[in-house]
Structure formats: C-alpha cells, structure tokens
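1. Below: sequence and its predicted model.
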Amino acid sequence: MPAINFNKIEQKWQKAWESKQTFKTKDSGKKFYNLEMFPYPSGTGLHMGHALNYIIGDIQARIKRMQGFSVLYPMGYDSFGLPAENAAIKAKTHPKKYTETAIKNFVKQQKSLGLSYDWNKTLATSRKEYYKWNQYFFLKFLEKGLAYRKKSSVNWCKKCNTVLANEQVHNGMCWRHSDTEVTIKPLEQWFLKTTDYADELLKLEDLDWPDRIKSMQKNWIGKSQGTEIIFKINNESWKIFTTRPDTIYGVTFMVISAQHPKLNELITKEQKPIVDKFLKKIKTVSEKQQDLEKEGAFTGTYAIHPLTNEKIPVYTGNFVVADYGAGMVMAVPAHDKRDFEFAKKYNIPVKVVIQPEDLKINSNNLSKAYVGEGKLINSDKFNNQNNKEAIDNITKHLAKLKIGIKIRQYKLRDWLISRQRYWGTPIPIIYCESCGAVPVPEKDLPIILPEKIEFGKGNPLTTNKKFLETPCPKCNKESRRETDTMDTFFDSSWYYLRYTDSYNEKIPFNQKLANFWMPVDQYIGGAEHACMHLIYARFFTKALRDLKLLNFDEPFKKLFNQGMLHAEDGSKMSKSAGNVIDPMEISKKYSADALRIYLISVASPDSDFNWSEKGMKAMFKLTKKIFETIKSIKPSKSTKRFQSKLHRSIKEITTDITNFKYNLAVIKLRNIIDILIEEETASKQDLENLIKLINPFCPHLSEELWELIGNKPFISLESWPIYSEKLIDENLEKQEQTISNTLSDINNILSIMKEKNKEIKNICVYVMPNELSIFNQEQLSKKIGISTKVFAVNDKDKHDPENKSKKAKPGKPGIYIE
Ligand code: ANZ
Ligand code: ZN
Ligand code: ZN
C-alpha cells in the first residue's frame, strides 16, 4: 500500500473548512460557548502547551457541535503587554509590527492543527477596535465610582520599569523577574474597586471549577472577622484591626506600618534619625510575610490603652502592611508570634493574658508566644472567661464605649491598573491645571496609542508632545494627557464578551448577543491563572452587570485546567535547556491528527506528563492503522460482535469525552479498530458511526474517510452517533472478557517459564462444558504462537496429567503447560 500523505489530506480539509465556512457561528438554537484562554502571541510561535490547550478545547467543540449544539468557539490574542514591547525593542522593530506578525504566525499554526475556530470572531487586544472599549469601560467605572486615583505606596519593579499590582508580587519578587526585588514607591495611580465585590467574589460554591482553584481564590480574597478598636494617640483617634480583641489587656506596644501615610505625625524629633535609618533599610512590603525578619524603630510617641489608660509605646515595623486593616496593630507579644519576636528583639515587656488549662505560663517562662485557647487572666472583669467567649464580650464592651466595632477585613485589595509602559491601552484622562483630572468625553474615544514614538528610557509617551498636549475638555486650556497605560489584565477581563459580537463598532457588545451566549459553558486553561485573571474577569462581569450591561453573575460556569507537559526526562521544557519540542515540526513529521491524538492519550488531560517520542510514534502508527483498516473495508454487513462493541464504544466514548477522559476514549477506539480488523466486515452505517467517533480526535483523517466511503462533506457537521442498548450483547462481551483473561493468564505463565529457560511444547486449556463453543482452538493457538488444545472439563479423553481441570471455574479455565 502506498504511504498515506497525511499532510496533503490535512491541507485539503483545512482549505475546505475555510472556504465553506464550516465552523461559522450561528446565533440561535441550543448554545454551547466553548473557550480557551487566549494566548499572548509571542514571536516564537505556538509551544506544545498551547497545542495541548487548544486540542483539548477543540475536541469538546467538535463533539458538542455534532451533538446539535450551536457552538461558539472563538480565538483571539492578548497582544498588549511588556513582553511584546521588550521583544520589539530588542529586535529593533515596532511593537505593533512585531505583534501583528506574531499573530499571523499564530493563526497559521493554529489552523494547521485542524482547530475548528470560527475565525470570523478573531480579535486582538492591541487593536484600537478593541481597546477603545477598554477606555469606554474605564469611563463607566469612573462614573460609578469603581475607578479612582490615589497616591499610595506601590510596588515597583526596576526591570519592568513599571508598578505592579499586589498580585504580581510573589514573595517580595516581581512575577516576571523572580530575581528582582520589588521596591516601594509613592505614586499617584489608578485603581479599580475590586474590594467592593469581595463578598460576592467569595461565593464560589456554585461554580463547577476544580476545588484547588476555588480554594486559591478564597485564600487570595482572605476574609477575616475581627474588631476595629480606637486607640488615642496625641489626643487623636487611631484605628487598629484585630481578630483577637480577647487579648487586649496583653497589649504592650503598637506597631504602625512603615508605609502608613500618617506615620510622620508620630515620629518625634529625638527619634527621627533612628526611624529614618530604619525606613531607608526596608524596601519591600507586599504581603503579610510571616517569615520576614522583624524589624522596626520606636517613633517616640505613646498611645493610650482604651481600657486601662496605660501608656503604650508606638513602634513602626516592617511586618505591618499599610493597606490591610488599619495599617496599624495592637501588639500582644505573649500571644502572637510576630509580636513576640519583635518584643524580644527590642526588649519590650511581655504580658500573659490567656492561661492554658494544663500548664501555667507567665511572662518569665515564656519562650515563644502562646497562641492556643484558655482562660483570661490579668484582664480585669473579663478574668476567668474562656477566650473564645471573651472575643464577643470584649467587642460588645468596646462597642458600648463607642471605641470598638465588629468588622470584616479582606486580604484582597483594590486593583492597581496603571502601568508606566507604552504597549497598552492609554488611560482616557486629561490633566488640566484648573479642572484637575478630567475624563475624556466618550465621543473622543478611542485615544489612540501613537505609533511614531521613540524608545529610550521609560515610557515613550511621556516625551511624545503630539500625544501629550491636548486642550482640556472642560475649559479648553492647554492640558496634558495621562501617559500611564492599563494593566493588560484589564484587556483579558472581558474579551469573552467581545467574541459574542466581535465587530460591533458602536458598542462593546450587543447585550442580547452577550446574554444569549454567556456565561461561557466550558473554559479551558492553565492553573496559573487561578487568581489574577479569573478574579479580575469575575469582577468585571459583576461590575458590568451592575452597569446594567449584562444579566448574569459569573462569566465561566465550568473550568478545566490542563496538565503540564514536560520534556522527555521530566524537566521543564525551555529554550535554555534546549529541550523544546516544536508542535509544528511534529505535526509535519507525523501529521496533525497523530499529534492531536498523542497529546490527549498519554494521560488524563488534567494531569502532568512527559513528552515521549516513542509514544508519539506509536500514535502515528495508530492513525495509520485506523485509516488503512477503515479504508480497506467494503461496507456490507456487521458481525454481531462488532456491532455490540461499537455500540458499547459509542456509549462509553461519549461519556469519556464529555468528562475530559480523552485518554480512556482512545483506548476504546484502539480496541474497536482491533475488532474490526478481526471481523473484516461492517455495515456502512456502522462504519459511519465509527468514523464519527474518530472525528473529534482526528478530524482530517475522518473527513477523508467519510468521503472515501461515499459521503458528502462534512462529517464535522454530521450528528453524533446514538447507541442502542439493545445491540450491546452482554453475553458476548462476557465471553470476550473470559478469552482475554485466559490469554493474559497464559502469557503470564509463559513469561515466567521463559525466564527459567524452559522449553514449551504444548498448552492445554480446560473450560466449562458450556464455554467450549466460545474458545476457538485455532485462533487461540495463533494468538499465543504455540499449539493450544481446548478441552471441556468433563471430557473423558482429555490430556490432563496434573489434574488442572479441577481448578477450572466458570469464566476462569484451568491451564496446563508442558
Ligand atoms: C492583636 C493580636 C493578638 C492579633 C494576637 C493576633 C494574635 P488576619 O487573620 O490575617 O486578618 N494585623 C492587623 N492588621 C495588620 C496589618 N496591616 N499588617 C500586619 N498584621 C496585621 O490577621 C489579623 C491579625 O493580624 C490582627 O490580629 C493583627 O494582630 C494583625 F494574640 O491583633 B492581631
Ligand atoms: Zn519585573
Ligand atoms: Zn480645564
């Protein structure tokens, strides 16, 4: 048989799908919105992780389409952002040119994998047709009070040359530059009020998402019940937040954050040099870091304890964050680990106020903070209360005195969206000397990112006169444009809405269309987006709902996280390690269909796996076998056995695909092909159904086979087969199982004997009399490769020197080998 030219077949069908618009979206019917996280189009093209992501999604899109759903399956590009800007500077081209070239290449490569996107829907966030609506939403948020500008201490990465959102700081380091410490800079920046939605963002129960992702979001939002207490300092009221008001009598000092906006008011003249020295030394505060070495300095000022009126020294310290709680804490060294460390370092007294049941502790014998439960001591009228009860009682007492109130706090902070970089959406604000920060009128949108720019130091917009200088929309006075651009997570927070109406020039999306298609029924992507992207997108949906643009609460009903693909030796694929496998090379060499089926058959698609060239070759062989087997069959009649297996396969493969157990589906496909090879015959309808089962995995090959058996294209638009329970012959299947178990028993014994170098002449199998008919002596011999005799256990003339026939049970024959 001549070699099959898979590449030619693939190109043929890719062209046909494109020219016939096979996968064009229909905005009616029973909808299914299938979406993969859109990529950042890097100049190096698709990597294997992308390929895996899209193939997983494409299989879902294809089965849903064949099951009669109207499928929305779009693709787009997250094309703004630092990497493009840096890469372009390095390659001495313009980011726009760099990006558009990269997108073209991505599209070409994605098409070559046979992905069934509706290419009419494509968008790129760096195009003005898209980012215009970023600006529009920003103005809407501003109107609603959901966007605001504030001076605050922000995280700065000197390599990125821009500020970072809190979420982009990981253990004090930049998320892109794990070797670069983030530093603190006081800057005026734009924020979105994500915290307004903290409670709603915590409602995760109804989402069909992996539990792991839900709990990461929950921790990120970090809700805490506690008490806000007022301490008097210099006759002014200062708030603190505590989850442990029961320890209030144990307070021996206060600590104010080094970034607290009002820290200066507390520093006395005498202490200023010491505090300044400390402030210079600390650079980063991003998250509440437990393991940080505690450091600080005495401010020279004292607070008054609200219940005892004692004088309490106020320190500033590096372990208190400015934008959590009140940015100041009451420190209880006896019962808080951080406070204990700090107190020991600076020789501050420790006062025990909670006594455990079993051992007696006091300030002298305490070697570490006691954080457990117990009875209150040294706490005035609250003595002897259980500390859990005291939390409530002391809060009530403080509330009565109007110096305390029960409140909730969140770790989640407002989203810092300003970036001091060029390649992003310009923030539509104009600064006027008389009018202040003035929003650009909606009719003037989009504010276009200028193309003629000069890269040098920092953000080129700040030196671009044509962009900068503009009259004030209110008073017409010569003013200055905002030069900050938006965090690119802004772009990716609503792209799924734009797909429902990609080319609308008048509005970001038609509400009817968005409400028809949304929420996304199946979202597919990597677990690395558990917090940022997925929280921002949920926030956006809720904010747009409250702007009356949408009528639902959650953007992504179901989420699937694919596993990580590693190199052959289990290490990470990376350019520097030189172990990157290029999906384009592989698909050229082995065909796209073979790559598709390989990537999803190694393991369950949600678990990690290693690339294997051997496995890839095996899947290439399988695709050839599928093609050649089906091609060689002249449609006539199916055997009962094939029919039964086929219908079981339809039943099980349908469930496997729906549950993303693609690897199990492939095992079943392989099995049914083997049976077809043995049976050598099938009816046209059964063959058609078999080819349909193959279609989601190997779409090109199945289109070709569909045509070869005399059908009109496209199988991709045919309906998914429905199994008939009646045709599944349980008895037959049980018999098959018996035979295959017996075969594997025999093979096991044989391999043991081979190891011992024993020569084998004969094999005897003893079966129940009613099973005799299902064991075909000739076929068995052929399969084992050694002459095999089958006897009924009650056969008087059987050859059975070791009485093995006694061991036979129904479904489990006795075996004798000599
Ligand atoms: C007194 C106290 C005594 C505390 C004690 C704990 C144990 P979560 O659960 O994370 O909300 N805290 C408050 N604001 C802070 C800030 N801006 N930076 C760092 N720490 C801050 O933690 C709440 C506890 O963290 C609060 O309760 C406070 O210390 C500290 F035996 O107050 B606690
Ligand atoms: Zn950085
Ligand atoms: Zn003005």
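-> Sure thing, it's come through. Ligands and ions are numbered 1, 2, ... in the order given.

2. show me where the stretch 251-400 of the chain has strands.
-> 253-257, 296-304, 311-317, 328-331, 354-355, 375-376 (DSSP state E, counting those that start in this stretch).

3. show me the contacts for F620.
-> Residues counted as contacts of F620 (Cβ atoms under 8 Å, 6 or more residues apart in numbering) are 590-591, 594, 598. Glycine gets a C-beta too; all of them are placed from N, C-alpha and C.

4. With P245 instead?
-> Residues counted as contacts of P245 (Cβ under 8 Å, 6+ apart) are 226-227, 229, 390-391, 394-395, 398, 404.

5. Can you give me the distance of it to K388?
-> 11 Å (Cβ to Cβ, to the nearest Å).

6. would you turn the contacts of P245 into a markdown table with pLDDT and distance to ligand 3?
-> As requested, the contacts of P245 are exported to a markdown table (pLDDT from 0 to 100; distance: Cβ to the ion, whole Å):
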| residue | pLDDT | distance to ligand 3 |
| --- | --- | --- |
| G226 | 97 | 44 |
| T227 | 98 | 45 |
| I229 | 98 | 44 |
| A390 | 97 | 57 |
| I391 | 97 | 52 |
| I394 | 98 | 52 |
| T395 | 98 | 49 |
| L398 | 98 | 47 |
| G404 | 97 | 45 |
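
7. Tell me the pLDDT of E143.
-> Note on E143: pLDDT of 97.

8. Against ligand 3, how distant is it?
-> To ligand 3, E143 is 18 Å away according to Cβ to the ion, to the nearest Å.

9. how about that residue, what does it touch?
-> Taking Cβ under 8 Å, 6+ apart as the test, E143 contacts no residue whatsoever.

10. and if you look at H533?
-> Neighbouring residues of H533 by Cβ under 8 Å, 6+ apart: 37, 489, 492-493.

11. Might one say that W119 is in contact with K108?
-> No: with contacts counted by Cβ atoms under 8 Å, W119 stays clear of K108, the gap being 11.3 Å.

12. These two: which has the busier surroundings?
-> Neighbour totals were compared for W119 and K108, and W119 leads with 17 against 12 (other Cβ atoms under 10 Å).

13. What pLDDT is listed against the more buried one?
-> 98.

14. swap in the one 5 residues further on?
-> Reading off the per-residue confidence, A124 sits at a pLDDT of 98.

15. The closest residue to A334 other than its chain neighbours and D729, how far apart?
-> Of all residues not flanking A334 in the chain, V352 sits nearest, at 4.6 Å (Cβ to Cβ, 6 or more residues apart in numbering). Using Cβ to Cβ, V352 is found at 77 Å from D729.

16. Between these two, which has more neighbouring residues?
-> When V352 and D729 are compared for neighbours, V352 comes out ahead with 24 against 17, by other Cβ under 10 Å.

17. That one against K360, yeah?
-> No: using Cβ under 8 Å, V352 is not in contact with K360; the gap is 9.5 Å.

18. which residues touch the most centrally placed residue in the chain?
-> The residue lying closest to the centre of the chain (Cα atoms, centre = their mean) is A527, at 3.0 Å. Counting by Cβ under 8 Å, 6+ apart, A527 makes contact with 210, 212-213, 561.

19. Just the buried residues of those residues.
-> Using 16 or more other Cβ atoms under 10 Å as the burial test, these include 213, 561 as buried.

20. will you turn the contacts of A527 into a markdown table that also has distance to F253?
-> Listed next are those as a markdown table, based on distance: Cβ to Cβ, whole Å:
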| residue | distance to F253 |
| --- | --- |
| P210 | 44 |
| R212 | 40 |
| I213 | 40 |
| N561 | 45 |
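
21. what comes up buried for stretch 335-353?
-> 335-336, 338-343, 346, 348, 350-353.

22. And those, which is closest to ligand 3?
-> R338 (48.5 Å; Cβ to the ion).

23. So that closest one versus G374, what's the distance?
-> 20 Å.

24. One more: S28?
-> 66 Å.

25. okay, those two: which has more neighbours?
-> G374 (20 against 8).

26. Wait, that one touches Q385, no?
-> No: counting by Cβ under 8 Å, Q385 is not a contact partner of G374; they are 10.3 Å apart.

27. on that earlier part again, among the buried residues of stretch 335-353, which are in helices?
-> In helices, defined here by DSSP state H, the members of those are 338-343.

28. want to try JSON lines for those residues, with pLDDT and distance to I763 as columns?
-> Shown next, in JSON lines, are those (pLDDT from 0 to 100; distance: Cβ to Cβ, whole Å):
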{"residue": "R338", "pLDDT": "94", "distance to I763": "74"}
{"residue": "D339", "pLDDT": "96", "distance to I763": "78"}
{"residue": "F340", "pLDDT": "96", "distance to I763": "76"}
{"residue": "E341", "pLDDT": "95", "distance to I763": "75"}
{"residue": "F342", "pLDDT": "96", "distance to I763": "79"}
{"residue": "A343", "pLDDT": "96", "distance to I763": "81"}
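
29. Between all of the residues you listed, which two are separated the most?
-> R338 and A343 (9.6 Å; Cβ to Cβ).

30. My guess is F556 contacts L207. True?
-> Yes: taking contacts as Cβ under 8 Å, F556 lies within contact range of L207: 7.5 Å.

31. What residues does this structure have near ligand 1?
-> Counting by Cβ under 6 Å from any ligand atom, the residues of the chain lying close to ligand 1 are 224, 241-244, 247, 257, 288, 320-321, 324-325, 327, 329-330, 332, 335-336, 409.

32. which among those residues end up buried?
-> In the residues of the chain next to ligand 1, the ones that pass as buried (16+ other Cβ under 10 Å) are 241-242, 244, 247, 257, 320-321, 324-325, 327, 329-330, 332, 335-336, 409.

33. Go through those and name the one nearest ligand 3.
-> Looking across those and measuring by Cβ to the ion, the closest to ligand 3 is G327, at 34.3 Å.

34. Please tell me the pLDDT value assigned to that closest one.
-> On the pLDDT scale, G327 gets 95.

35. Same question for G458.
-> So G458 comes in at 78 (pLDDT).

36. Please apply the same query to the one 5 residues further on.
-> Per-residue confidence (pLDDT) for T463: 92.

37. Chain neighbours aside, what residue packs nearest to it?
-> E454 is the one closest to T463 (Cβ to Cβ, 6+ apart), at 7.0 Å.

38. okay, the one you found: pLDDT?
-> As predicted, E454 sits at a pLDDT of 87.

39. Adjust the sequence numbering to begin at 25 for everything that follows.
-> OK, 25 is where the count begins now, so the last one is E478.

40. Where do the strands of the stretch 525-674 of the chain begin and end?
-> Counting by DSSP E, counting those that start in this stretch, the strands of the stretch 525-674 of the chain are 546-549, 583-585, 589-590, 633-634.

41. Of the ones you listed, which stretch is the most buried?
-> Burial of these is given as mean neighbour count (mean count of other Cβ atoms under 10 Å); strand 546-549 ranks first at a mean of 23.
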